[in-house]
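Chemist: Next come a sequence and a model predicted from it.
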Amino acid sequence: MITIENKIPIFRRGNILDKEVLDNMRETPYEYYSLSYDKYSDGVICGIETYTENEILYITPGVIKYNKFYYKIKEKLKIEIPIEDGDYMLKIKFLPPAEVEKGKYEKYSMEIQFVSNYKCQNNEMELVRIKRREGAEIRNPSIFTGIDKEYNIVNEIYKITSTASGNSFSAKLLKMYAERIFDEKEMETLDEVFCSMALNDYVSRDLLNSYIKRKIREDCSQGDNQKIYECLREIYNNMKNSRFIKNNNIKKKNLMMVE
């Protein structure tokens, strides 16, 4: 288990603004977060991407919003993946805030650990799932389809992304979806616009719902991330494969040599 602490200075009469307090204020612009993301839902604001190397899971730095507070992971984290067979979830548990150092700071802590079930309490948030089976290496997903069925693969389907219009799908998986569409499929204008926005890290929940509804007439406004994934997979499978070969879109004139 990994414990991350975020300390916020408490400004009271008599408290001394020492170097540690001033450095903390400079490195953690909570006023900026609260102004920029006040209407955003709980979930990942930026960063917090996961990947595996040599049976170790890495978590990149980033910011997570929970209960109107912005939890910051400043450095890349690494956590060992359980070796026994089983279905595992990596989750974050947010602890109640507490005053420390004689009222000098308010501490907001979170614990990150693998558990052997898929249940989250009200003060917890999921990052990844892994269906562990011994004898095979843990892999990062390489294609969009099949992530929820594969063993020994890092599954971010249920990770919650924060947007102004509600919880949304993993930005990393949306990018993977967009890349596969651009590489393999015939696209309509709607697909080009949506995939371009996905590659540029801006897909709100409203936009995602509208895209799915326009493509397959499915209302996902109340659906969870599994439902969204199933809808995107259906859209992907329904699209025709591209008629063009990569790097060979320019037609060349046929030449005939006469001897």
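Modeler: Received the coordinates, thanks. Keep in mind that what you see is a predicted model, and the values were worked out from it rather than measured.
Chemist: all contacts plus neighbour counts: C-alpha atoms, from now on.
Modeler: Will do.
Chemist: all helices of this protein, in order?
Modeler: All helices of the chain, identified by DSSP state H, fall at 19-27, 30-36, 171-184, 189-199, 205-216, 225-238.
Chemist: contacting residues around the shortest one?
Modeler: Applying Cα atoms under 8 Å, 6 or more residues apart in numbering, the contact partners of helix 30-36 are Lys68, Tyr70.
Chemist: can I get the helices of the chain in JSON lines with mean pLDDT, mean neighbour count and distance to Gly47?
Modeler: Formatted as JSON lines, the helices of the chain follow (pLDDT from 0 to 100; neighbours: other Cα atoms under 10 Å; distance: least, Cα to Cα, whole Å):
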{"stretch": "helix 19-27", "mean pLDDT": "61", "mean neighbour count": "12", "distance to Gly47": "16"}
{"stretch": "helix 30-36", "mean pLDDT": "81", "mean neighbour count": "12", "distance to Gly47": "14"}
{"stretch": "helix 171-184", "mean pLDDT": "92", "mean neighbour count": "19", "distance to Gly47": "9"}
{"stretch": "helix 189-199", "mean pLDDT": "94", "mean neighbour count": "16", "distance to Gly47": "14"}
{"stretch": "helix 205-216", "mean pLDDT": "94", "mean neighbour count": "17", "distance to Gly47": "18"}
{"stretch": "helix 225-238", "mean pLDDT": "94", "mean neighbour count": "17", "distance to Gly47": "19"}
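Chemist: closest one to Cys120 among those?
Modeler: Smallest distance to Cys120 across those (Cα to Cα): 14.5 Å, for helix 225-238.
Chemist: now for that closest one, which elements pack on it?
Modeler: With contacts taken as 3 or more Cα pairs under 8 Å, 6 or more residues apart in numbering; DSSP states H and E, helix 225-238 sits against helix 205-216.
Chemist: same for the helix it packs on, what does it pack against?
Modeler: helix 225-238.
Chemist: Okay, angle between the helix it packs on and helix 171-184 too, please.
Modeler: 10 degrees (axes from the mean of the first three to the mean of the last three Cα atoms, to 10 degrees).
Chemist: List the contacts of the most centrally placed residue in the chain.
Modeler: Centre of the chain computed as the mean C-alpha position; nearest residue by Cα atoms, centre = their mean is Ser170, 3.9 Å away. Under the criterion of Cα under 8 Å, 6+ apart, the contact list for Ser170 reads Glu156, Ile157, Tyr158, Lys159, Ile160, Thr161.
Chemist: Identify the spatial nearest neighbour of the fifth one, chain neighbours not counted.
Modeler: The reference is to Ile160. Gly43 (5.1 Å; Cα to Cα, 6 or more residues apart in numbering).
Chemist: How far does the longest strand seen in the chain sit from its chain's centre?
Modeler: Ordering each strand of the chain by length in residues (DSSP state E) puts strand 105-115 first. Strand 105-115 has its C-alpha centroid displaced from the chain centroid by 19 Å (Cα atoms, centre = their mean, to the nearest Å).
Chemist: helices or strands up against it?
Modeler: Using 3+ Cα pairs under 8 Å, 6+ apart, strand 105-115 sits against strand 2-9, strand 86-94, strand 98-100.
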